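Q: pasting the sequence and the predicted model now:
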Amino acid sequence: MENSLITEYGYKNFVKEFKNLAQIEKPYWVKEKEIAAQHGDRSENAEYISAKEQIRNIDKRLRFLEKIINNTKVIETTKIPHDKVNFGSKVILENLDTEQTKEYIIVGTFETNPSNNFISNISPLGRVLLGKKVGDEFEFEINNETVEYEVLKVEMYNFE
């Protein structure tokens, strides 16, 4: 995790989530647990058990977020060039066999979201894409199948 990169946008979102959990969610559940504890036997008190579990889950998430916030290197994607695929770039590829296009955004490991085309800079495809420029062709093997791509467009992705 020490050498992990994160976009400034991702970093801000993790900090925002951390603050929300620490300042709003956890205090709410602590209060709910206190109220539920007043209802008697805690071993059979569903509200108490549920609140206790919520607090435990929030604490786990807070520890995870704290590690990300304290141990990743924030990259300001607006201050790096995007004439080639770089961290924070949006890249559009064409599959040369099917002529279908795909769009990917290169982000840090903790920001990946394949369903939204956010791929990690250290993923197999992310590593291959870094440094490519418009017009570059390359082969990429996935699921024992080799696919040929051409880079159609590279630009800085607007995270806002």
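A: In hand now; what should we look at?

Q: going by C-alpha atoms from here, please, whenever you check contacts or count neighbours.
A: Noted.

Q: can you list contacts of the top strand by length along the chain?
A: Longest strand in the chain, counting residues (DSSP state E): strand 145-156. Applying Cα atoms under 8 Å, 6 or more residues apart in numbering, the contact partners of strand 145-156 are 77-78, 82-85, 88-97, 132-141.

Q: listing partners with orientation, what would you give for it?
A: Note on strand 145-156: by DSSP bridges, its sheet partners are strand 89-95 (antiparallel), strand 137-142 (antiparallel).

Q: any idea which of the ones you listed has the lowest pLDDT on average?
A: Comparing the strands paired with strand 145-156 by mean pLDDT, the weakest confidence falls on strand 137-142, with a mean of 93.

Q: so for that one, what gets flagged as buried?
A: residue 137 (16 or more other Cα atoms under 10 Å).

Q: now it, how far from the centre of its chain.
A: Computed by Cα atoms, centre = their mean, to the nearest Å, the chain-centroid distance of strand 137-142 equals 24 Å.

Q: what's the closest of the strands paired with strand 145-156 to residue 114?
A: Nearest of these to residue 114, taken as Cα to Cα: strand 89-95 at 13.6 Å.
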